[in-house]
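> test case, fold it:
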Amino acid sequence: MTISFGTTLDPRAVVLEARALATSVADPSSPQWRAKGDQRRTYRFPAAGADVPYRVCVPNRWDGTSELPLVMFLHGAGNDESSYLDQNNKQMVTLADQHGVLLVSPLGYNGAYGNFLRLPAVFGQPEEAEKLLAMVTPERVRDQELSEKDVINVLELVLNEYPIDRSAMFLTGHSMGSGGTWYIGGKYADYWTALAPMSGPFVQESGYPWDRLRDMPIFVTEGTRGTPSLTGSHELRDWMTAGGYAITYKEVDADHAGMVPLVLPDVFDFFDRP
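From the prediction side, this is the model:
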């Protein structure tokens, strides 16, 4: 299963490779193993030949044995695995702790999580998407493959270490990370219980496994103040609603960046729903 605006990586092969990596580096004797709190970590990513950072935040009140819900967050362009988590007095980290969920944020090594779409190729602009795809280089393909693999590597590292409730795994992201949410959420749909893409409708009607999201709750949020993706979000909302998808849509009076702290509480509330 591939997505027309993403890599040609086989998701099953990516998952198996990530699981093998997670098993090979597991160290239950480490004091870091199943630690609580806000942690900045790295792992060795063989395909990239690099030590890659990721962030994991485990509820302080976790009893050490109970299964935890999981929220994965994908950052926007020009940021890293910690940028959004440290914003607004660590609002996202605090929300995760309050809701009793494990929060994990990968770097998405050197790419956009496998998704080649960016502005102006939002939903409803297939011609712009075709233009972008026509400019893809072999170097860019490799970057996106590594980025996609990094996300699944980090997810499997966490799943191998912590007892995670597989019926409560959620994916969210902002801007480029919203595109990552659509991409990773569709291509690796078997992981996810619900999705919450924020201000980034980087998905297209064709070449995407919409059937895999038919019954998945999806919370789409957007800012109304000069946000370049607003029109695409409106088109996406209307198309999904007409198609009978389980979409919830919310707009806030803020710009592209300013909308994040306004909708984050709603995102975590949405993930709390059964």
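> contacts and neighbour counts: CA atoms only from here.
OK.
> can you pull out the strands in the stretch 151-274 of the chain?
For the stretch 151-274 of the chain, the strands defined by DSSP state E, counting those that start in this stretch cover 164-174, 194-198, 218-223, 247-252.
> for the ones you listed, which one sits closest to residue 78?
With Cα to Cα as the criterion, residue 78 lies closest to strand 164-174 of the strands of the stretch 151-274 of the chain, at 11.8 Å.
> list the helices and strands that closest one packs on?
strand 68-74, helix 176-187, strand 194-198 (3 or more Cα pairs under 8 Å, 6 or more residues apart in numbering; DSSP states H and E).
> tilt between the last one and strand 247-252?
Just to be clear, that refers to strand 194-198. 30 degrees (axes from the mean of the first three to the mean of the last three Cα atoms, to 10 degrees).
> what's the answer for the second one, then?
Taking the same axes, to 10 degrees, helix 176-187 and strand 247-252 form an angle of 180 degrees between their directions.
> state which helix of the chain is the longest.
helix 138-161 (DSSP state H).
> tell me what angle it forms with strand 68-74.
Relative orientation of helix 138-161 and strand 68-74, computed by the same axes, to 10 degrees: 160 degrees.
> tabulate the CA atom coordinates of helix 138-161 in PDB.
Written as PDB, here are the backbone C-alpha positions of helix 138-161 (Å, rounded to 0.1, in the frame of the first residue of the first chain):
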ATOM      1  CA  PRO A 138      16.300  11.000  -5.800                       C
ATOM      2  CA  GLU A 139      17.900  12.900  -2.900                       C
ATOM      3  CA  ARG A 140      14.500  14.100  -1.700                       C
ATOM      4  CA  VAL A 141      13.100  10.600  -2.000                       C
ATOM      5  CA  ARG A 142      15.800   9.300   0.300                       C
ATOM      6  CA  ASP A 143      15.200  12.100   2.800                       C
ATOM      7  CA  GLN A 144      11.500  11.300   2.900                       C
ATOM      8  CA  GLU A 145      12.100   7.600   3.300                       C
ATOM      9  CA  LEU A 146      14.400   8.200   6.300                       C
ATOM     10  CA  SER A 147      11.900  10.600   7.800                       C
ATOM     11  CA  GLU A 148       9.100   8.100   7.500                       C
ATOM     12  CA  LYS A 149      11.200   5.300   8.900                       C
ATOM     13  CA  ASP A 150      12.200   7.500  11.800                       C
ATOM     14  CA  VAL A 151       8.600   8.000  12.900                       C
ATOM     15  CA  ILE A 152       7.900   4.300  12.900                       C
ATOM     16  CA  ASN A 153      11.200   3.500  14.500                       C
ATOM     17  CA  VAL A 154      10.400   5.800  17.400                       C
ATOM     18  CA  LEU A 155       6.800   4.500  17.700                       C
ATOM     19  CA  GLU A 156       8.100   0.900  17.900                       C
ATOM     20  CA  LEU A 157      10.800   1.900  20.400                       C
ATOM     21  CA  VAL A 158       8.100   3.200  22.700                       C
ATOM     22  CA  LEU A 159       5.700   0.300  22.100                       C
ATOM     23  CA  ASN A 160       8.500  -2.200  22.900                       C
ATOM     24  CA  GLU A 161       9.400  -0.400  26.100                       C
END
